[in-house]
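Trainee: here is the input, now give the coordinates:
(4 chains)
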There are 2 protein chains.
Amino acid sequence: MLAGQKDEGRCRRLPKRQARDGGPDRPRRDAKKADAVPEPRMAFGDRRLTSRDVAALAGVSQATVSRVLSGSDLVKESTRQAVLRALETTGYVVNVSARTMRSGRTGVIGVVVTHMTNPFYPELLEALSNAIHASNHRMILWDGRQDGEADAASAIRERAVDSVIFTTATPASRPLREALEQELPVVLVNRSLRGVRCDSVTTDNLAGSRAVARYFIDGGRNYVAAIGGLRGTSTADERLQGFKSGLAGTGKGGATLVATTSVDWSYEEGVRAFNEILESRTVPDAIFCANDVLAFGAMDAARARGFGIPDDIWFAGYDDIAIAGWGAYDLTTIRQPLRPMAEQAVNMALHRLAEPGRAPQRSRLTSELVVRGSTANYASSAVSAAS
Amino acid sequence: MLAGQKDEGRCRRLPKRQARDGGPDRPRRDAKKADAVPEPRMAFGDRRLTSRDVAALAGVSQATVSRVLSGSDLVKESTRQAVLRALETTGYVVNVSARTMRSGRTGVIGVVVTHMTNPFYPELLEALSNAIHASNHRMILWDGRQDGEADAASAIRERAVDSVIFTTATPASRPLREALEQELPVVLVNRSLRGVRCDSVTTDNLAGSRAVARYFIDGGRNYVAAIGGLRGTSTADERLQGFKSGLAGTGKGGATLVATTSVDWSYEEGVRAFNEILESRTVPDAIFCANDVLAFGAMDAARARGFGIPDDIWFAGYDDIAIAGWGAYDLTTIRQPLRPMAEQAVNMALHRLAEPGRAPQRSRLTSELVVRGSTANYASSAVSAAS
DNA sequence: CTGAAAGCGCTTACAG
DNA sequence: CTGAAAGCGCTTACAG
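Mentor: I've put the predicted structure just below:
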């Protein structure tokens, strides 16, 4: 149903069949070739069936086979049937690169992920994979480190993919910026880039983290701290900002805010940041962490120091990855709507392919607060964090 | 360095440059075209630079440009320089599908993953991604559920990928079996398939789980239980078998072995399995879980029932995913060598492309026992599990 | 060392 | 409704 990809998309799955011996009446491709022509290298078997072979068997032109394949309605029903039969008996499979060369569409969408092993990303990735395949595309995946961003941008230029979805947008990313300047078809998901107009899908980080702050205050917390994410990323900045704004005027926040700029949003950084908070002065009675994984690290560090959760300290995270629901953490957090995010991102990518000149779209989705045992359970769970 | 992919591989990264206006002397493609020819649809911009344009600028034939691009040594140095200059000023980028159509190589390796959100797979996936990109290929990723296996096999037939690496091999998988029967270039990693000859990389699950059993016994455990993985998969079967064999003759195992056949190797199954064990009779004093995630579930279930770890019950897992090292679990487990597994798998894939007829290769790597706080720390960590 | 030319396997106007 | 033909942009013998 998505725009821009219908009949010119990737091949439709044809009925497969043992393609090895298509019967004696199937013209062997070799037989038609002039003797001088060398055999092309083949990866396996000796099959290499083209639509011309199918046409010969069906007694029609190759063009007609192509029309049947693409679902054209310019084909007489009886002809179509004959072609379908030939397709079936030969076990013909389209050659994607030939199709791509003609149509200009690869049927492939790229995805760049930076920290595949941060459990948030596999969850997002799974949602993206589902959305991409649902739209009848395939997905090329890059690791954002290891030059993945640059290669993803190259892949667009090389026409190896139709479009690329970036799940991480660091301001420092040259390849991304260049891709955007050249107006390559790119979508940002989960993060946005300051001052850059491009298609993006984000969630309302300000509202989400503000909801956490209010929840802490409403719960009677008095000395509240925060562990920030990677400074400079839109998610980290917004979540810290939203949290501070939720605390504003309450006098509960103080200057305890610790940002983990160093490396990433990892468990280890959560441990480190918690210990850093402890060094400062008063022990906080509630800590907001800019993502769940940081919270896990901080919680384990707190327990290692003998603090009770939530008796001594409340913890809240962000993302609601599956582990947040596990008994060991049972973490109050903000749930991001991954499926809608992924679907919208893929939609945007396809829309832009269909209409390259359209104005950049920005979508911002709402998240919800999920209350669990890492905070006193005074409120019911799943409160919308809509501002 | 890997075989089968050198100059016919994916494009080499050419120096990029603002490709939009290559200067007045660069022949505009449009100008050369007969008026009647319709404009091809273009995804963005109006650039569409071919090697022919580069040739014109360099004053050579298109074939010579192609030779320079492919690193042929059949080019005079001064000619090469002229072409390189033209390449530079035009910002030419190869068209991958045209190259693929001629060369028969896509430069893409497929990967099928079944449970992307089980943290083991992102770790394996990251290793595969690194290995694939290191060999100058790109990676198409499929979710094994959602028809991913079937589509991956189709992708080989459609020549959209050169080869596919399956990280999950269920005996029930039709698409996989058919692909193997048709001798499509496929590699199995982490699991093998009974009675099927094909390239595969596994680890020695028998030795690994036997090491856990011995470790339990040596630690004086008396009533030992196990939580199995998805029955029918080679990893689950081997781990259970190895564990039993390690217990054989000690009288410590009993019939408590609980296999979670139902759904998957998930946290929830770990919880369920632990509770099932409790119902049976004596509480075990050590439980081996067929992967780490099952162990996390079982440990949380145990704690919820008030059991101490390791005071009341020891736990051991399998895989050594990152979470196993987190404070909340601190899990003794068997570490799988992901990087070598991934590298060997990619190597096998490339070797088979280079030499389709070669005999199937099987590689079996050694894992090691990593001792942590979920068991009494009587032995030093990182003991090789080599039988 | 270089160019002209064939051809990879499709899609798509164009002309019936 | 159908076929003949052009052409997508490369690679690679072949003939100098």
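
Trainee: give me every residue in the stretch 201-350 of chain A lying close to chain B.
Mentor: Neighbours of chain B within the stretch 201-350 of chain A, by CB under 8 Å from any CB of the partner chain: A:267, A:271, A:296-297, A:299-301, A:303-304, A:322-323, A:326-329. C-beta coordinates here come from the backbone N, C-alpha and C atoms, glycine included.

Trainee: which of the residues you listed count as buried?
Mentor: A:267, A:271, A:296-297, A:299-301, A:303, A:322-323, A:326-329 (16 or more other CB atoms under 10 Å in any protein chain shown).

Trainee: which of those residues sits closest to residue B:143?
Mentor: Using CB to CB, residue A:322 comes nearest to residue B:143 of these, at 16.0 Å.

Trainee: pretty sure the closest one is touching residue A:126, no?
Mentor: No - applying CB atoms under 8 Å, one finds residue A:322 not in contact with residue A:126, separated by 10.8 Å.

Trainee: quick one: common contacting residues for these two?
Mentor: residue B:117 (CB atoms under 8 Å, 6 or more residues apart in numbering or on different chains).

Trainee: quick one: the helices in the stretch 101-250 of chain A, in order.
Mentor: A:120-134, A:149-157, A:174-181, A:205-218, A:234-247 (DSSP state H, counting those that start in this stretch).

Trainee: save the ones you listed as CSV, and put in mean pLDDT, mean neighbour count and distance to DNA strand C too.
Mentor: CSV is the format used below for these (pLDDT from 0 to 100; neighbours: other CB atoms under 10 Å in any protein chain shown; distance: least, CB to the nearest atom of the strand, whole Å):
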stretch, mean pLDDT, mean neighbour count, distance to DNA strand C
helix A:120-134, 96, 23, 20
helix A:149-157, 94, 24, 20
helix A:174-181, 89, 18, 26
helix A:205-218, 95, 23, 42
helix A:234-247, 91, 22, 39
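
Trainee: minimum distance to residue B:372: which of the ones you listed has it?
Mentor: helix A:120-134 (23.7 Å).

Trainee: show residues contacting that closest one.
Mentor: A:109, A:111, A:113-116, A:138-139, A:141, A:165, A:167, A:189-190, A:291-293, A:319, A:321-322, A:338-339, A:341-343, A:345-346, B:116-117, B:119, B:121-122, B:141-143, B:146-148, B:151.

Trainee: and the angle for that helix with helix B:149-157?
Mentor: On the basis of axes from the mean of the first three to the mean of the last three CA atoms, to 10 degrees, helix A:120-134 is oriented at 70 degrees to helix B:149-157.

Trainee: list the contacts of the nearest residue to residue A:299 once chain neighbours are set aside.
Mentor: Sequence neighbours aside, residue A:315 is the residue nearest to residue A:299 in space, at 5.3 Å (criterion: CB to CB, 6 or more residues apart in numbering or on different chains). The contact partners of residue A:315, by CB under 8 Å, 6+ apart, come to A:286-287, A:289, A:295, A:298-299, A:302, A:309, A:331-332, A:374-375.

Trainee: is residue A:306 in a helix, a strand, or coil?
Mentor: coil (DSSP: H, G, I helix; E, B strand; the rest coil).

Trainee: also the one 5 residues further on?
Mentor: Judged by three-state DSSP, the three-state class of residue A:311 is coil.

Trainee: that one and chain B, how far apart?
Mentor: Going from residue A:311 to chain B by CB to the nearest CB, to the nearest Å gives 16 Å.

Trainee: ok, residue A:154 next?
Mentor: Residue A:154 is 6 Å from chain B, by CB to the nearest CB.

Trainee: thinking again about what came up before, narrow the contacts of helix A:120-134 to just the buried residues.
Mentor: A:109, A:111, A:113-116, A:138-139, A:141, A:165, A:167, A:189-190, A:291-293, A:319, A:321-322, A:338, A:341-343, A:345-346, B:116-117, B:119, B:121-122, B:141-143, B:148, B:151.

Trainee: now, the residues you listed that are in strands?
Mentor: Among the buried ones among the contacts of helix A:120-134, the ones falling in strands (DSSP state E) are A:109, A:111, A:113, A:138-139, A:141, A:165, A:189, B:141-143.

Trainee: low-confidence regions, chain A specifically.
Mentor: The model of chain A has pLDDT under 70 over residues A:1-47, A:253-263, A:377-387.

Trainee: domains in it, by residue range?
Mentor: Using automatic domain parsing, the domain parsing of chain A gives A:29-102, A:106-203+A:338-366, A:205-337+A:369-384.

Trainee: the second one near DNA strand D at all?
Mentor: No - in terms of CB under 7 Å from any atom of the strand, no part of domain A:106-203+A:338-366 sits within range of DNA strand D; the closest distance is 7.9 Å.

Trainee: gap between that domain and the chain center?
Mentor: 7 Å (CA atoms, centre = their mean, to the nearest Å).

Trainee: between the two ends of it, how far is it?
Mentor: End-to-end distance for domain A:106-203+A:338-366: 33 Å, by CA to CA, to the nearest Å.

Trainee: mind jotting down where the strands sit in the stretch 251-387 of chain A?
Mentor: Per DSSP state E, counting those that start in this stretch, the stretch 251-387 of chain A carries strands over the ranges A:258-259, A:286-289, A:314-316, A:333-335, A:362-365, A:368-370, A:383-384.

Trainee: wait, which of those strands is closest to residue A:355?
Mentor: Among the strands of the stretch 251-387 of chain A, if distance is taken as CB to CB, the winner is strand A:362-365, at 16.3 Å.

Trainee: other SSEs contacting that closest one?
Mentor: strand A:199-203, helix A:338-354 (3 or more CB pairs under 8 Å, 6 or more residues apart in numbering or on different chains; DSSP states H and E).

Trainee: residues contacting the closest residue to DNA strand C within the stretch 151-300 of chain A?
Mentor: Proximity of the stretch 151-300 of chain A to DNA strand C (CB to the nearest atom of the strand) peaks at residue A:159, 13.0 Å away. Neighbour list for residue A:159: A:100, A:104, A:106, B:95-97 [criterion: CB under 8 Å, 6+ apart].
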